[in-house]
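Enquirer: Structure for the following, please:
(chains A and B)
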There are 2 protein chains.
Amino acid sequence: MTPDEFRKLGHEIVDWIADYRARVGDLPVMSRVAPGSIRAQLPAAPPDSPESFDAVLRDLETVILPGLSHWQHPDFFGYFPSNGELSSVLGDYLSTGLGVLGLSWQSSPALTELEEVTTDWVRQMVGLGAAWSGVIQDTASSSTLVALLCARERASGFSLARGGLQAEDAPLVVYVSSHSHSSVEKAALLAGFGRDNIHVVAADERHAMQPDALALAIEADLAAGRVPCAIVATSGTTTTTAFDPLDRIAAVGRAHGLWLHVDAAMAGSAMILPECRDLWRGVEEADSLVLNAHKWLGVAFDCSLYYVRDPQHLVRVMSTNPSYLQSPVDGQVRNLRDWGIPLGRRFRALKLWCLIREQGVEGLQRRLRRDLANARWLESEVRAEADWRVLAPVALQTLCVRHEPAGLSGDALDRHTLAWAERINCSGEAYLTPAMLDGRWMVRISIGALTTEREHVAALWRRLRAAVVSP
Amino acid sequence: MTPDEFRKLGHEIVDWIADYRARVGDLPVMSRVAPGSIRAQLPAAPPDSPESFDAVLRDLETVILPGLSHWQHPDFFGYFPSNGELSSVLGDYLSTGLGVLGLSWQSSPALTELEEVTTDWVRQMVGLGAAWSGVIQDTASSSTLVALLCARERASGFSLARGGLQAEDAPLVVYVSSHSHSSVEKAALLAGFGRDNIHVVAADERHAMQPDALALAIEADLAAGRVPCAIVATSGTTTTTAFDPLDRIAAVGRAHGLWLHVDAAMAGSAMILPECRDLWRGVEEADSLVLNAHKWLGVAFDCSLYYVRDPQHLVRVMSTNPSYLQSPVDGQVRNLRDWGIPLGRRFRALKLWCLIREQGVEGLQRRLRRDLANARWLESEVRAEADWRVLAPVALQTLCVRHEPAGLSGDALDRHTLAWAERINCSGEAYLTPAMLDGRWMVRISIGALTTEREHVAALWRRLRAAVVSP
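Expert: Numbers count the residues shown, from 1 in each chain, chains lettered A, B, ... in the order given. You can find the predicted model right below:
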């Protein structure tokens, strides 16, 4: 495709996306296609000859669009806000169009240095101390894996340089809570710790990790000859947005030299609001932290920010230095390939840069405060309504609710909950995520899509009340 | 940013990228900025108030652009071709603008199903059998890590479900060659095998792994009580594009039940040319394979295709299934979060789809054949010139060359080589990658940027000859 063809088609695609964002609120939020139905509409074999791009755009509208669940929809209350602010989208357009790669500093110096600058901007925005250094990873799953690999190597005295984890005698143990995200267990399993050595610490009635239980678990492991290695604490759990008490957890961990990783993937964005920072008091005691700028904050996916206090250690675990990647300035620069798993690196800092500059810190703060106010409003509405319950503290913008009519309990209540949630999701009018809490199904309402205003939350509340009565 | 503001600025950005692609050949290929100089031009703190997007675009031109090394430049002969064909760029624009995520099939069915279809298109294009299933990862580093994690779990009888790798008695061993990519050793180290258990098999004079040496290494390990686990063979090594003899390696591995992973990250694209497929004869015997569609093939980074013969095994190693990710159709669909490390997933299939449809298989084949012919032409020129040597077989589009004037050898020859390569890179007229081969520096010339025609290769050859004489 020539630059001039790209210019013409690029304008069409920008217009299509602009129209999409303008009309997305009129589309059903959740796709209602049947499994396999998209695949069945596409050719099983690739085309030998070139096709017109118009054909691609036609299929986009008729085949692909009905198969999308719309995360940018104002009535999207599922999972978490995955906001792709349009200024950030433009930053990503620049990145993809430039097509430069950060294999090393030399391979595109601005890519590395803008990443240093913008991750440091976010560090300041969330009130972290100057000792933290940031880098962009794809997702919190990868960031947490990196953290646990670093913890493993610190605790084993760099076993990777010798016989590896498999040569260690006493097993290393990782501590998580019963409310840690699924990616935490996955990371520990992939890092080779084994499920037997992932010790799940009990949570309190607010679903936060209990530091006393953590201390007891560590002591029991030490007594049994195991080696406590790392704690993964969560600032804002997936199910209820519970905050583990970082200060008390850090104190327990410090006494035994454990690595403390903080999973603030979703809720870290809230820390741009000074009034929220008490929720992660003690964070400065951690060794590593992940904050997904591609969630509530508004950077187009993917942009997971991973912060560490000791980048030298990170580099020692992750570094490679083959001759074909060396350059004369290596001693004076950061080579970000040594800050994570992949060698190749997109220019992702551009989308973070465009977002922060176009919104300003104040603009971002204003939007997040709007969402917090909407959550508080909905909480008070639900609490005031007979037969409805709010099941967990509403720390930020996520509510856990259940309709509990008289006479329904146990499995029957579960069936009722899943039925009305499915009814709403299948209606296309709103999208919610059912989840288990304390052994029973309930419904999470995650508020914070870019275009979700009070009117959308109010409409959701009307829909909830209607859904529990209509069959 | 409103959709209408996005429309206006999006057109500007498309125009800027179209202009950039049209003028990139006039820019110096390698950025010549000093370390820290980009950072020094940017504010150390984020802006409180919104800035105009015009200011961003001004900084793009004046601050960022001089700090880029231009991978899409027709005189880019460094590393490998990282082609972002403009049709693929448009596919990525759609993906970022839509802002949908594939946490599960339900969270955007078309995202999953188009990925199934397009990875299968590429499978057919490169002549792999129908038993292979594909998924998109970010990079070959991640794909190879996934492969070695799967190998580890197969060889250990799923140790992750018990005590992990650290509970295994006999160490698992991974076999690589002395020409494996740096990401292979990194993946093995991160997977916990330990450097002592990464056994480097000798290469022959063509830099390909020696199956006999592999067989001996396996037997020695068995005799010593170690457990041979996996072989990573390369189809197209980084330094010289050597092809390990997959058929003979597979035969050795099969006799001992080893996992065979094929790293075809760069050269896999060549297999869309039937005349190249003999180079990876035996590939059907492998367990896993990585092919980076974001290299020579032309998909905008990142789009690493990972193929496996047993997806059930992959899913068993990678799966997570928390309540908040379940949906009523889970039994009937692929949930691609269970096919790799990250949970979040961009709609990357769109850029692959757009590329293949806009180019057609024939268009892609034509471009790759052009590059092969350019490499053969340059090879014959270099071979015909006094004092110049081609140091390795030219299997595809990469040449390893050295200027060896009479009287220069050893370290003095190394200094000469690095000096003239640096002179060319610093001239901004072309970009090359020096690398070590058989203990000495030489220069890799990787041909295959989208806009690199014979005239650019001929100009490079003139520049090479000039650079070795001018001080």
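
Enquirer: give me the low-pLDDT residue ranges for the stretch 101-250 of chain A?
Expert: Scanning the stretch 101-250 of chain A for pLDDT under 70 picks out no residues.

Enquirer: At which residues are the helices of it located?
Expert: Taking DSSP state H, counting those that start in this stretch to define them, one finds helices in the stretch 101-250 of chain A at A:109-125, A:140-155, A:182-190, A:211-223, A:246-255.

Enquirer: what about residue A:330, neighbour count?
Expert: Around residue A:330 there are 15 other residues, counting by other Cβ atoms under 10 Å in any protein chain shown. For glycine as for every other residue, the C-beta is placed from the backbone atoms N, C-alpha and C.

Enquirer: OK, contacts around residue A:364?
Expert: A:125, A:272, A:297, A:298, A:355, A:356 (Cβ atoms under 8 Å, 6 or more residues apart in numbering or on different chains).

Enquirer: now do 7 Å
Expert: Applying Cβ atoms under 7 Å, 6 or more residues apart in numbering or on different chains to residue A:364 gives the contacts A:272, A:297, A:298.

Enquirer: Kindly report the same for residue A:306.
Expert: Counting by Cβ under 7 Å, 6+ apart, residue A:306 makes contact with A:134, A:135, A:137, A:143, A:146, A:288, A:290.

Enquirer: contacting residues around the closest residue to residue A:235 other than its chain neighbours?
Expert: In space, and not counting its chain neighbours, residue A:235 is closest to residue A:264: 4.0 Å by Cβ to Cβ, 6 or more residues apart in numbering or on different chains. Contact analysis of residue A:264 by Cβ under 7 Å, 6+ apart lists A:235, A:236, A:280, A:289, A:290, A:291.

Enquirer: Which stretches in chain A count as strands?
Expert: Per DSSP state E, chain A carries strands over the ranges A:133-137, A:172-177, A:198-201, A:227-234, A:259-263, A:288-292, A:304-308, A:388-390, A:398-403, A:433-437, A:440-446.

Enquirer: that older thread, mind checking how far the residue nearest to residue A:235 is from residue A:292?
Expert: 8 Å (Cβ to Cβ, to the nearest Å).

Enquirer: go on, residue A:121?
Expert: The spacing between residue A:121 and residue A:292, counted by Cβ to Cβ, is 16 Å.

Enquirer: hmm, back to that, adding neighbour count as columns, could you present the contacts of residue A:264 in a markdown table?
Expert: As requested, the contacts of residue A:264 are exported to a markdown table (neighbours: other Cβ atoms under 10 Å in any protein chain shown):
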| residue | neighbour count |
| --- | --- |
| A:235 | 29 |
| A:236 | 29 |
| A:280 | 28 |
| A:289 | 30 |
| A:290 | 26 |
| A:291 | 30 |
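
Enquirer: could you pull out the helices for the stretch 301-450 of chain A?
Expert: Using DSSP H, counting those that start in this stretch, helices in the stretch 301-450 of chain A cover A:311-318, A:349-383, A:410-427.

Enquirer: Looking at these, which is nearest to residue A:107?
Expert: Residue A:107 lies closest to helix A:349-383 among the helices of the stretch 301-450 of chain A, at 14.6 Å (Cβ to Cβ).

Enquirer: How far does that closest one sit from its chain's centre?
Expert: Distance, stretch centre to chain centre, for helix A:349-383: 16 Å (Cα atoms, centre = their mean, to the nearest Å).

Enquirer: now swap in stretch A:172-181 and tell me
Expert: With Cα atoms, centre = their mean, you get 17 Å for stretch A:172-181.

Enquirer: With stretch A:182-195 instead?
Expert: Chain-centre distance of stretch A:182-195: 17 Å, with Cα atoms, centre = their mean.

Enquirer: Now it: buried residues?
Expert: Across stretch A:182-195, burial judged by 16 or more other Cβ atoms under 10 Å in any protein chain shown covers A:182-194.

Enquirer: Near chain B, list only the ones from these.
Expert: A:182, A:183, A:186, A:189, A:190, A:191, A:192, A:193, A:194 (Cβ under 7 Å from any Cβ of the partner chain).
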